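Q: Quick one, what's the 3D model for this:
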Amino acid sequence: MPRVCRRAWVRPGRLQPKMKARDAVGVDMHASQLTVSAEMVRELVDDQFPRWRGLAIASVCSSGTVNAIFRIGDLLAARFPLKPGAAGPARRQLESEARAARELAGRTRFRTPEPVALGEPGAGYPLPWSVQTWLRGITAADEDPGESVAFAHDLAGFIGDVRAIGTRGRTFSGAGRGGDLRSQDAWMEVCLARSGQLLDIVRLRRMWEVMRGLPRGAGGDVMSHGDLIPGNVLVSGGRLTGVIDVGGLGPADPALDLVAAWHLLEPGPRQAFRDDLGCSDLDWERGKAWAFEQAMGAVWYYARSNPAMSRMGRRTLERIQQDTSPTRAR
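A: Numbering: from 1, shown residues only. Next up, the predicted model:
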C-alpha cells in the first residue's frame, strides 16, 4: 500500500490540529474537494466502531485521486471519498464497491483487499465511508517493476484469474472506460483543449482519430479490474504481490485491462505479457487506446494537484508513441 504519513498518527485519546488529506503539493485535486483530517477520522471511528477505539489512526501518503485513506491499526484501512455529493448515491457506490471486492476475494493467486464495514456521515464529514483490510506492500508507483519479465507474467496471471470469474451474463453498463471507445470523444476533446501547453496535441489528436475507430472484436465482455495503474499494484523484488482499489471489478471490453501493458511495462516484459494472454491484434490496439485515453486525462487534470499521476500519464503516452512492435496475425 502507499506510504504512511508518520506525522499524521493520532493515537487513542489524543487529538491534533486538523490536517487536510491532500496531494503532495497542497492543491485540491477536485472542485470543492472534501476535507478529511486524522482528528475527524479518530472521532468517526470512536463513535461508530467502538471496538477499534484502542487502535491508532494514521493518514496514508497516496497518489490516489478518489479517496483519502487512513490506517486503523495494523490491519484495517478507512477510505473517504473526496468528491462532494449526496449521501445516497455515495452509499450505493460504496456498497457496489464492497460487492465487487467480495466477488474478487480469494479468486486470484494475488492478495486483494476485502470489505469490513461501512461508516456513516459525522464529525464534519458529510458522506458514508468504508473500511477494508489493509494490504502491506509497496506500490509500483514507488518501486518500478517495468523491466521485470517475471512481473509481466504475474500481471498476466492476475488478469487471467479475473477473467476466469465469469460475467454471469452481465455486460458493461457504465459511462467511463470499458465500452465503446467513441463514447470518450467529448472527454478527449476536453483533454486536447486543456493540454496545449503540455503535450504535442496535433500528433495526439491524429492518434486518437485512428484509435477511436477501432471496432470491438467478436468476443463479449469479460471481468476486468478496470484500473491497473502503478498506484493500484503492489510489488516486491520485481514481482506482483497484490492488487488494490478493486471496487471497479466488473464486465468490460476484453481490452480494458490491457492498459497495464502501457502503464506498467517496458517493451520486453510487455511482449511477454501479451504472449501470456494471447491477445489478438485488435484487442492489443484497443488496450493501447484505453491507456491513451486514461493517460491524456491524467496529464493535464493532475498537473498541479497530483504530479505523480500527471507523470504517469506522460510516461504512458511516451510508451505508446515509442511503440514499434509489429502487428501480427493470430
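Q: does the residue most central in space within the chain count as helix, strand or coil?
A: For the chain, the residue nearest the mean C-alpha position is D227 (4.3 Å; C-alpha atoms, centre = their mean). Following DSSP: H, G, I helix; E, B strand; the rest coil, D227 is assigned to coil.
Q: That one contacts I244, correct?
A: No. Counting by C-beta atoms under 8 Å, D227 does not reach I244; the two are 9.8 Å apart. For glycine as for every other residue, the C-beta is placed from the backbone atoms N, C-alpha and C.
Q: now the strands for the stretch 151-300 of the chain?
A: Along the stretch 151-300 of the chain, counting by DSSP state E, counting those that start in this stretch, strands occupy 222-224, 233-236, 239-243, 250-252.
Q: Just name whatever secondary elements the first one is in contact with.
A: With contacts defined as 3 or more C-beta pairs under 8 Å, 6 or more residues apart in numbering; DSSP states H and E, the packing partners of strand 222-224 are helix 149-164, strand 250-252.
Q: Let me know the pLDDT of the residue nearest to G160 when sequence neighbours are not counted.
A: Residue nearest to G160 in three dimensions, not counting chain neighbours: L277, with 6.9 Å by C-beta to C-beta, 6 or more residues apart in numbering. Confidence at L277, expressed as pLDDT, is 98.
Q: I'd like the distance between L277 and D185.
A: Distance, L277 to D185, by C-beta to C-beta, to the nearest Å: 28 Å.
Q: Looking at the two, which is more packed in?
A: Using other C-beta atoms under 10 Å, the more surrounded residue of L277 and D185 is L277, with 21 against 13.
Q: Identify the residues contacting the more buried one.
A: Applying C-beta atoms under 8 Å, 6 or more residues apart in numbering to L277 gives the contacts A156, I159, G160, L258.
Q: May I have the secondary structure class of the nearest residue in space to Q132 that is not next to it in sequence?
A: Closest residue to Q132 apart from its sequence neighbours, by C-beta to C-beta, 6+ apart: P113 at 4.4 Å. Under three-state DSSP, P113 falls in the coil class.
Q: One more: F70?
A: Applying three-state DSSP to F70 yields a three-state assignment of strand.
Q: neighbours around it, how many?
A: Applying other C-beta under 10 Å, we find 29 residues neighbouring F70.
Q: in terms of contact, does it touch A56 like I think?
A: No. Contact criterion C-beta under 8 Å: F70 and A56 do not qualify, at 10.1 Å.
Q: so which of the contacts of L277 would you say is closest to Q197?
A: Within the contacts of L277, the smallest distance to Q197 is 30.2 Å, found for L258 (C-beta to C-beta).
Q: Return the residues in contact with the closest one.
A: L258 sits next to L277, C279, D283, W284, R286, G287, K288, W290, A291 when contact means C-beta under 8 Å, 6+ apart.
Q: can you check R109 too?
A: By C-beta under 8 Å, 6+ apart, the contact set of R109 is G157, F158, D161.
Q: Please report the distance of it from L55.
A: Distance, R109 to L55, by C-beta to C-beta: 30 Å.
Q: quick one: the residue nearest to G160 and G217, what's the gap?
A: Taking C-beta to C-beta, one finds L277 at 13 Å from G217.
Q: Repeat that for W134.
A: From W134 over to G217 the distance is 38 Å, taken as C-beta to C-beta.
Q: Surely P269 touches D144?
A: No. Counting by C-beta under 8 Å, D144 is not a contact partner of P269; they are 11.3 Å apart.
Q: neighbour-wise, which of the two wins?
A: When P269 is set against D144 and neighbours are counted by other C-beta under 10 Å, the residue ahead is P269, at 23 against 15.
Q: for the stretch 51-200 of the chain, what spans make up the helices?
A: For the stretch 51-200 of the chain, the helices defined by DSSP state H, counting those that start in this stretch cover 87-104, 149-164, 185-194.
Q: Serialize the ones you listed to TSV and add fields for distance to V233 and mean pLDDT.
A: TSV is the format used below for those (distance: least, C-beta to C-beta, whole Å; pLDDT from 0 to 100):
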stretch	distance to V233	mean pLDDT
helix 87-104	14	97
helix 149-164	8	98
helix 185-194	24	97
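Q: which of the ones you listed is buried the deepest?
A: Greatest average neighbour count among the helices of the stretch 51-200 of the chain goes to helix 149-164 (a mean of 20), per mean count of other C-beta atoms under 10 Å.
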